[in-house]
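# Sharing a sequence plus its predicted fold:
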Amino acid sequence: MTTPAPIPPCSFLPPGARAPDAAPWSSEDAETWRAAGAPRWARPRVVAWGMTLVLLVCLILALVAADSGPVCTETAPCGTEWVGYAVVAFFVALPYWCLRLPGVAVWTLPVASALALTGVFDADMPDAPADLVGTWLMVAAPLLALVAVVVRLRARRRRRALFLKATQGRTAPLPQGFGRDGRAVRRLCAGAVLLAVAGGLLAWGAIVTSASDARDAKAIRTVATVLEAVDLDEGDGGTVRVRKAAGGEQTLTSLYPLDHPVGSRVTVLSDEGPPRLAVERYDAVGQQLSALPFLVTGVLLLAKGLQLHLARRALRRGEQPVLRVFAAGHFMWQRLHAVTDRELTGAAVDCAALAYGEVVWVLGEPEEGPDEEGEEGAENEEEDHGEHPAWCGEAVVHGVLAEGAEIAVLQSCLPLLSLLNPLPPGDTADTADAENALVVAMTVSGSDSREGRTLRRPSPMASADTCRCRRPPPTSRTWHRTRVPRPAARSPARTTR
């Protein structure tokens, strides 16, 4: 049986943090908010993994259907397929839309079903059983995913309404200095670079295809009869031996020699280069496959970066709803509980604290003093906190709590300092650290928890500093924006003033 983790140290917001007058989040409101969430079958990860599995199954069925009939024929010659390539890229992006951007998925999923229904995805494939099964699977799966996405968006609206009701109409602006979202800038730049690479590869394929088609148009066409087809069985095709109508035999290379049975007629193209089959034109599939990961990833990064940019701009514009909560977390994640849930056992909201590198510090003017324990505290940097929360304390949420929403949380700076520079056992933070606060940007996760993590009370022999929150004395504060370094000393607040 797993040993429960102790309740981590907690801290109050210092008076100088200028916390807005926010209503407390009660346990009843937190439970109601949790109950209004989407069912498990409509969760983002479930839908995204389901769509990924369907795409893999359809890919296998498409390969089976391709082996059941000829690939290149006189009526449907081979060559570079641009429409089919765009459809493939469109389908590959569907799982990500379902996972991260349900607003985009609402529009793309019906289009995916329509494309599969009209046969655009497998327009040149024969009506083999595997092809039919794959087509109808691609018609039904996006529609089922659409139902899940709609249920998820409705749950978002319910939770937004419940959160706004819990705030009792109280709002407050974000502190000055809360700037642009660095994640959005990085995604937009990376997406642009990837799209440039994909564009170069596709342009290369298009230029070579155009040159090959122009060469084929000028070549001399003659009809020949297949005498022998040899498959080298090495993944490089084989050879086809033909006899021309005017006499004479030739041996031609072929990617699909078995598609030309003995006795069939083929068209041979002749020019200054080696003779070749007219049905096997140049195919830029190599360039297309090379560009596909860059193209899809670039589009996804641009879409997510734009969404983060718009969310941060909306968060910075005007006053935002505020609510007082009790937070517990680690360096990269936090969980928001009701104010009265000091045992961390009630309903909680999971958040990803991905913007610790771009926070707003609230710095005071404490008296300078020696830092005798700094070096000892830095020695414990590699301490493994595990998956349990490393701290807890009061916090104020700016924004609206809903799945996928971008919020800002005002909290004491002690949690971040304790994670960057853990204190030795029995030591407490100095006054300079205890009187500071910061604002952290977070993303509300797609899942929520009914109960908190398995925790236990500290033993009666534990220090009072580890089981009770201590309010620091009031002092003046100013807002500053800075990047959080990984300091060697235990008091980064002094280094940032």
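Cool, the structure landed. Numbers count the residues shown, from 1 in each chain.

# Hmm, residue 231 and residue 258 touching each other?
Yes. Using C-beta atoms under 8 Å, residue 258 is in contact with residue 231, at 5.5 Å. C-beta: built from backbone N, CA, C; applies to glycine.

# so after the worst-scoring helix or strand of the chain on mean pLDDT, what's the next helix or strand?
Of all helical and strand segments in the chain, the minimum by mean pLDDT, DSSP states H and E falls on helix 374-378, at a mean of 33. Per DSSP states H and E, the first helix or strand lying C-terminal to helix 374-378 is strand 391-398.

# How many residues are close by the nearest residue to residue 442 once chain neighbours are set aside?
Counting by C-beta to C-beta, 6 or more residues apart in numbering, residue 351 is the residue found nearest to residue 442 once chain neighbours are left out, at 4.2 Å. For residue 351, the count of nearby residues is 23 (other C-beta atoms under 10 Å).

# Which strand or helix spans residue 351?
Judged by DSSP H and E, residue 351 forms part of strand 348-352.

# residues of that strand that come out buried?
348, 349, 350, 351 (16 or more other C-beta atoms under 10 Å).

# what's the farthest-apart pair in these?
By the measure C-beta to C-beta, 348 and 351 form the most distant pair in the buried residues of strand 348-352, at 9.5 Å.

# so what sits against both of those two?
Common contact partners of residue 348 and residue 351 (C-beta atoms under 8 Å, 6 or more residues apart in numbering): 335, 336.

# can you list the domain ranges for the protein.
Domain ranges of the chain: 5-22+315-496, 36-166, 220-270, per automatic domain parsing.

# worst average pLDDT in those?
Note on the domains of the chain: lowest mean pLDDT is at domain 5-22+315-496, with a mean of 61.

# Confirm that residue 164 lies within a helix, as I assumed.
Yes. Looking at residue 164 with DSSP: H, G, I helix; E, B strand; the rest coil, it is inside a helix.

# so it makes contact with residue 401?
No. With contact defined as C-beta under 8 Å, residue 164 and residue 401 do not form a contacting pair (9.7 Å).

# which of those two has more neighbours?
Per other C-beta under 10 Å, whichever of residue 164 and residue 401 has more neighbours is residue 401, with 25 against 15.

# Next up, the contacts around the residue nearest to that one when sequence neighbours are not counted.
Nearest in space to residue 401, with sequence neighbours left out and distances taken as C-beta to C-beta, 6+ apart, is residue 163 at 4.7 Å. Residues in contact with residue 163 (C-beta under 8 Å, 6+ apart) are 33, 321, 323, 400, 401, 402.

# how about the residue nearest to residue 442, what does it touch?
329, 333, 334, 335, 336, 407, 409, 442, 443, 444, 445.

# Could you export those as JSON lines, including neighbour count?
Output for the contacts of residue 351, formatted as JSON lines (neighbours: other C-beta atoms under 10 Å):
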{"residue": "329", "neighbour count": "26"}
{"residue": "333", "neighbour count": "16"}
{"residue": "334", "neighbour count": "26"}
{"residue": "335", "neighbour count": "23"}
{"residue": "336", "neighbour count": "26"}
{"residue": "407", "neighbour count": "23"}
{"residue": "409", "neighbour count": "22"}
{"residue": "442", "neighbour count": "25"}
{"residue": "443", "neighbour count": "19"}
{"residue": "444", "neighbour count": "23"}
{"residue": "445", "neighbour count": "17"}
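
# Just flag the most distant two among the contacts of residue 163.
Greatest spatial distance among those (C-beta to C-beta): 33 and 321, at 13.4 Å.

# just checking, residue 297 touches residue 194?
Yes. The pair residue 297 / residue 194 is scored as a contact, 5.4 Å apart, by C-beta under 8 Å.

# where along the stretch 301-450 of the chain do the strands fall?
Under the criterion DSSP state E, counting those that start in this stretch, strands of the stretch 301-450 of the chain are mapped to 319-329, 333-337, 348-352, 359-363, 391-398, 406-412, 437-449.

# From the contact counts, what lies against the second one?
Using 3 or more C-beta pairs under 8 Å, 6 or more residues apart in numbering; DSSP states H and E as the contact criterion, the elements in contact with strand 333-337 are strand 319-329, strand 348-352, strand 437-449.

# What of the first one?
Taking 3+ C-beta pairs under 8 Å, 6+ apart as contact, the helices and strands that strand 319-329 lies on are strand 23-24, helix 129-166, strand 171-173, strand 333-337, strand 391-398, strand 406-412.
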